[in-house]
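K.L.:
give me coordinates for this.
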Amino acid sequence: MPHASETPVQEIRAFNRFYTNLIGALDYSRQLYVPYTLTEARVLYELAHASHLDAADLRGELSLDAGYLSRLLGKLEKAGIVERAPSERDPRRQRITLTARGRETAALLDERSSEAVGSLLSAVPGAERPRLAAAMRTVREILSGGEGGAVAARPLLREPGPGDLGWIVQRNAALYAAEFGFNIDYEGLVARIVADYAEDHDPHLERTWIAELDGRPVGCVMCVRDEAPGTARLRLLLVEPDARGHGIGDQLVGACVEFARGVGYREMVLWTNDILGAARAIYQRHGFVLVDEKPHRSFGVDLLGQNWQLHLGSAS
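P.N.:
Take a look at the predicted model:
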């Protein structure tokens, strides 16, 4: 009979065996009907949810051996899934990005994973699901090693799922009303922007990101085609007040700029108002330059509208 002090060890090992079996981690490709191992899928997930990742970042994030990761990336590069180039931050490091095919593959893996989890949850009574989620969150918090068991939240960026576009409209309307006194006209503008995107957008040239923190949406941004040829427009950058200070705005704008540069846009533009000081500071950090400004009255308040521009150059 095991000593009392060994009980948590045995329980954790038993849980690991049970959960690994339950989610099919040892036979990932067959479970999700995809030709990728669990480790390869994790690499694609990290690349799809970060604006910048070097090979060193991936090694640290996934605790992978340098040689193993290099061979894995070589395999994905040969398959046309990823591209490797000198890092803009440090030429001694390798910058890893997904190709267009890679983004499609990552989206497929994400969709299949969500379907698998949905199937798993379908066997759990609705009343038990909050308890299950809370128990899993407790495991993460306790094992994270944070002070008092608290986990250091790490923002991630993802593509919108069902309901997220409606969330963008609702949160923009509510926050701008609360912080700047905007009236319902602004909600109408955001609703039209989001509806146009939902009904007719080119996934190869236009994209929306949802920032998620501790399992909930806390920010968003859109990259859409502008009327001017070769020009992308950044729209609807938003970060929830209680999620500010995590660098989420920088992540969102960085992802937008990186995507626009990667698909071949020559420049990116945006329109904002001078009252949005924090957002303007982010735009400046990413190289945007103020082109012109003009006073106007919109959304029930007097504003100073501003046009900003960023020359992207050729994709690296």
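
K.L.:
low-confidence regions, the stretch 101-250 of the chain specifically.
P.N.:
144-154 (pLDDT under 70).

K.L.:
just the helices from it, written as ranges.
P.N.:
Assigned by DSSP state H, counting those that start in this stretch, the helices in the stretch 101-250 of the chain fall at 129-143, 164-180, 184-199, 248-262.

K.L.:
as JSON lines, those helices with distance to Ala123 and mean neighbour count would be great.
P.N.:
Just so you know, the C-beta spots here come from the backbone N, C-alpha and C atoms, and that holds for glycine as well. As requested, these are exported to JSON lines (distance: least, C-beta to C-beta, whole Å; neighbours: other C-beta atoms under 10 Å):
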{"stretch": "helix 129-143", "distance to Ala123": "11", "mean neighbour count": "12"}
{"stretch": "helix 164-180", "distance to Ala123": "26", "mean neighbour count": "17"}
{"stretch": "helix 184-199", "distance to Ala123": "32", "mean neighbour count": "15"}
{"stretch": "helix 248-262", "distance to Ala123": "35", "mean neighbour count": "22"}
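
K.L.:
out of these, which gets nearest to Leu303?
P.N.:
The closest of the helices of the stretch 101-250 of the chain to Leu303 is helix 164-180. By C-beta to C-beta, the value is 8.7 Å.

K.L.:
orientation of that closest one relative to helix 184-199 in degrees?
P.N.:
If you take axes from the mean of the first three to the mean of the last three C-alpha atoms, to 10 degrees, helix 164-180 sits at 160 degrees to helix 184-199.

K.L.:
list the contacts of helix 164-180.
P.N.:
Residues outside helix 164-180 that contact it (C-beta atoms under 8 Å, 6 or more residues apart in numbering) are 160, 182-184, 186-187, 190-191, 194, 197-198, 208, 210, 217, 220, 236, 238, 240-241, 275, 299, 301.

K.L.:
same check, this time on stretch 97-114
P.N.:
32-34, 36, 41, 44-45, 47-48, 53, 76, 80-83, 85, 158-159, 161, 204, 258, 262-263.

K.L.:
thanks a lot, see you next time.
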